[in-house]
Structure formats: C-alpha cells, structure tokens
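*Asks:* Sequence first, then the predicted structure, then my questions.
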Amino acid sequence: MIALIQRVQRASVSVNQEVVGEIDAGLLVLLGVEKGDDNARAERLAERVLGYRIFSDEQGKMNLSVRQAGGSVLVVSQFTLAADTQKGMRPSFSGGAEPAEAERLYEYFSDCCRKQGITTANGRFAADMQVSLVNDGPVTFWLQV
C-alpha cells in the first residue's frame, strides 16, 4: 500500500464539477492499493501517515504530526501509484489490487484515520476526479508499507 502525502494549506476534490471532499490545513493523501495489501497494511499505513512529523513546531522545524498540528486529511484513491514504470513507455497496472478489494481497503484506510479522531474527507473511488490543492512548503513524501 502506498501513500503519497502532501502537506497542504487546503485541498479539495471534485467530480463532475461538484466538490465531494475538502479540507483546510492538513494532508492530502493519494492512496494506491496493491495486490496483497490487507487490513493490517492499511492500519500500519494510516498510523504512519497520521504520525509522520512534517508540520512545523514553534521553532519552525518539522516535528509535529497532522494529529499534533490539529489538521485534517483528504484521502483520494490513486491507482496509478501502483503502476510499474520500470520498462517501456507505457505503465503497467498489473500490480494494482482488484477494484473491489482496492475500494474496500481505501474505505478501511479512511475509517482508520477517522477512528484516530482525525477529520477525514474523501474523493470518490474510481471516479474521474479533479484535485485542487495549495501545497504548503512544498512538502511531499512517499510512504509505503
């Protein structure tokens, strides 16, 4: 399971010009689900995302997690993160989880964030989405479990 996380001042996701999820300061999480991923990996990745210290403390150092900073999370499914780009000029998506399992784990990951008390918004699984964000920093990290 892969999370590309971006520290944002604000972010939103729209489907057919309708905003379906939005947050103010926090993390935009682009989530890719791979074959073999399971609940335990989703839980571990949620723990890492919510605990990752990428927000500034009083001294301006990255020492605070989204939890400590009082931020929110916007989770957007991003199957292209599971692409194999090692060969050729076209990505292979054979490493991605089957859609039904990917959606289940996407929802499970989001629920794990909510259960930790984090305000969590979502995109719409498998939809053609438009994501808008103001990346703060810019700060972007790739986490994988």
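*Replies:* Thanks, I have it.
*Asks:* Going by C-alpha atoms from here, please, whenever you check contacts or count neighbours.
*Replies:* Will do.
*Asks:* Which residues does the strand ranked longest in the chain contact?
*Replies:* Counting residues, the longest strand in the chain under DSSP state E turns out to be strand 129-144. For strand 129-144, the external contacting residues (CA atoms under 8 Å, 6 or more residues apart in numbering) are 1-16, 45, 48-49, 54, 123.
*Asks:* Those in strands, which ones?
*Replies:* Per DSSP E, the subset of the contacts of strand 129-144 in strands is 2-15.
*Asks:* What residues of stretch 102-115 count as buried?
*Replies:* For stretch 102-115, a neighbour-count test (16 or more other CA atoms under 10 Å) marks Ala102, Glu103, Leu105, Tyr106, Glu107, Tyr108, Phe109, Ser110, Asp111, Cys112, Cys113, Arg114 as buried.
*Asks:* Which of the helices or strands spans the fifth one?
*Replies:* Secondary structure assignment for Glu107, by DSSP states H and E: helix 99-115.
*Asks:* Nearest residue to the middle of the chain?
*Replies:* Val29 (1.8 Å; CA atoms, centre = their mean).
*Asks:* Verify the stated contact: that one with Val76.
*Replies:* Yes. When contacts are counted by CA atoms under 8 Å, Val29 is listed as touching Val76 (6.1 Å).
*Asks:* Much appreciated, bye for now.
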